[in-house]
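Here's a sequence, model it:
(chains A and B)
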Amino acid sequence: QVQLVESGGGLVKPGGSLRLSCAASGFTFSDYYMSWIRQAPGKGLEWVSYISSSGSTIYYADSVKGRFTISRDNAKNSLYLQMNSLRAEDTAVYYCARYTPTGSYGDYVYYFDYWGQGTLVTVSS
Amino acid sequence: DIQMTQSPSSLSASVGDRVTITCRASQSISSYLNWYQQKPGKAPKLLIYAASSLQSGVPSRFSGSGSGTDFTLTISSLQPEDFATYYCQQSYSTPYFGQGTRLEIK
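Here you go, the predicted model:
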């Protein structure tokens, strides 16, 4: 069965850095786009970033562009999020999710079909 | 960004009720629309993808419809386990979630 397990969250001071990891199993990791999505306490879902199966295509939300870097290691079935220059507003549960396509070539609809349990990042002095 | 607006933001209903949640896109997104359910302390769960396709394992009382800018999620007969928060999400461009609709017990 598909499993996604995040790790690396914790308490960090404003301006600090943190690296999140997501270990994937139960599917051919190298075949799928992957994504990070976050949820601030008591708030809604906010997409953060996604990366294509090969790693050649990457997108970021404007709120994290220039501060966060998504990457993957297909040999290790792992997804990463390097977070630098952290701010209080980055405090959230961070989920990794598989971003799966359906449809025909050139007209794919993507959706987040599997999610991890989330890891909490708290940015506070 | 293509923004998504859900209505209502919260909703009270009873077991057995038929419930409809609406999601509107700031521009046309064809059928690039997905719906998720989230319970407190849990990760979201995919319910509907591509506007109207039911994800495997999701009960048939959930259905989705719409295209272009206006979409609906319908629960035909509410069950106790359906009380949760529901989110729409567009994948026409970089992903964007609606603000959520909290479904509460009346």
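
what pLDDT does the residue lying farthest from the centre of chain A get?
Distance from the C-alpha centroid of chain A peaks at residue A:104, with 25.6 Å (C-alpha atoms, centre = their mean). For residue A:104, the pLDDT comes out at 81.

just the strands in chain B please.
B:4-7, B:10-13, B:19-25, B:33-38, B:45-49, B:53-54, B:62-67, B:70-75, B:85-90, B:96-97, B:101-105 (DSSP state E).

Quick one: those strands as a markdown table, columns for mean pLDDT, distance to chain A and mean neighbour count too.
C-beta coordinates here come from the backbone N, C-alpha and C atoms, glycine included. Formatted as a markdown table, those follow (pLDDT from 0 to 100; distance: least, C-beta to the nearest C-beta, whole Å; neighbours: other C-beta atoms under 10 Å in any protein chain shown):
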| stretch | mean pLDDT | distance to chain A | mean neighbour count |
| --- | --- | --- | --- |
| strand B:4-7 | 97 | 9 | 17 |
| strand B:10-13 | 96 | 13 | 14 |
| strand B:19-25 | 98 | 13 | 20 |
| strand B:33-38 | 98 | 4 | 26 |
| strand B:45-49 | 98 | 4 | 23 |
| strand B:53-54 | 96 | 7 | 16 |
| strand B:62-67 | 98 | 12 | 18 |
| strand B:70-75 | 98 | 13 | 20 |
| strand B:85-90 | 98 | 6 | 24 |
| strand B:96-97 | 98 | 4 | 22 |
| strand B:101-105 | 95 | 10 | 16 |
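
Throw those strands into CSV and include distance to residue A:5, thanks.
Below are the strands of chain B laid out as CSV (distance: least, C-beta to C-beta, whole Å):
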stretch, distance to residue A:5
strand B:4-7, 29
strand B:10-13, 32
strand B:19-25, 31
strand B:33-38, 19
strand B:45-49, 17
strand B:53-54, 27
strand B:62-67, 28
strand B:70-75, 29
strand B:85-90, 23
strand B:96-97, 23
strand B:101-105, 28
